[in-house]
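> Next input, structure requested:
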Amino acid sequence: LVIETNSCPVEGCESTIPKEASAAYFYWSDNSTWLLHNETPPCVHPPTLTKGNKFCSYYHRCGCGDVVIYEKWTTILDVSTPNLNTLTILGTLIAQHDATQPLELHANFIELKGGRLVI
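Numbering: from 1, shown residues only. Below you'll find the predicted structure:
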């Protein structure tokens, strides 16, 4: 785990993500809510396999691109994530405290840009 920080002026850092998103409270696994907010649901294939059912490795990249949890969103992580390139959290991502199975967060990079990650 590598944690890096950037200095911001007192008034806050500029966001590199221009999109405005409406308020939302939903479960990560709820694909219909992602679509309702004009977002593509994160990949649905298992996080340890590529689409060709090969184990992830340097030669067989797994990945689902980038996911953003927008400023007015509260998302409950109720399933393990697919392998993401970047997870940007501007809002709130909460690991479900009463999950029936272990939850895993898979991402090359996790950017907390004024958001909250509650584990």
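> What strand or helix carries Ser32?
Element membership of Ser32, judged by DSSP states H and E, is helix 31-36.
> could you pull out the strands for the chain?
Secondary structure of the chain, counting by DSSP state E: strands at 24-27, 66-69, 73-77, 84-89, 92-95, 107-112, 116-118.
> Show me what the second one is packed against.
Pointing back at strand 66-69 there. If you count contacts as 3 or more CB pairs under 8 Å, 6 or more residues apart in numbering; DSSP states H and E, strand 66-69 packs onto strand 84-89. Every C-beta, even on glycine, is put in place using the N, C-alpha and C of the backbone.
> If I take the strand it packs on and strand 73-77, what angle do their directions form?
Put simply, strand 84-89 runs at 130 degrees to strand 73-77, going by axes from the mean of the first three to the mean of the last three CA atoms, to 10 degrees.
> Note down every partner strand of strand 84-89 and its orientation.
Looking at strand 84-89 with DSSP bridges, its partner strands are strand 66-69 (parallel), strand 107-112 (parallel).
> Highest mean neighbour count out of those strands?
strand 66-69 (a mean of 21; mean count of other CB atoms under 10 Å).
> Is it correct that Gln96 is in contact with Pro102?
No: Gln96 is not in contact with Pro102 according to CB atoms under 8 Å; the separation is 11.1 Å.
> And these two? Which one has more around it.
Using other CB atoms under 10 Å, the more surrounded residue of Gln96 and Pro102 is Gln96, with 14 against 6.
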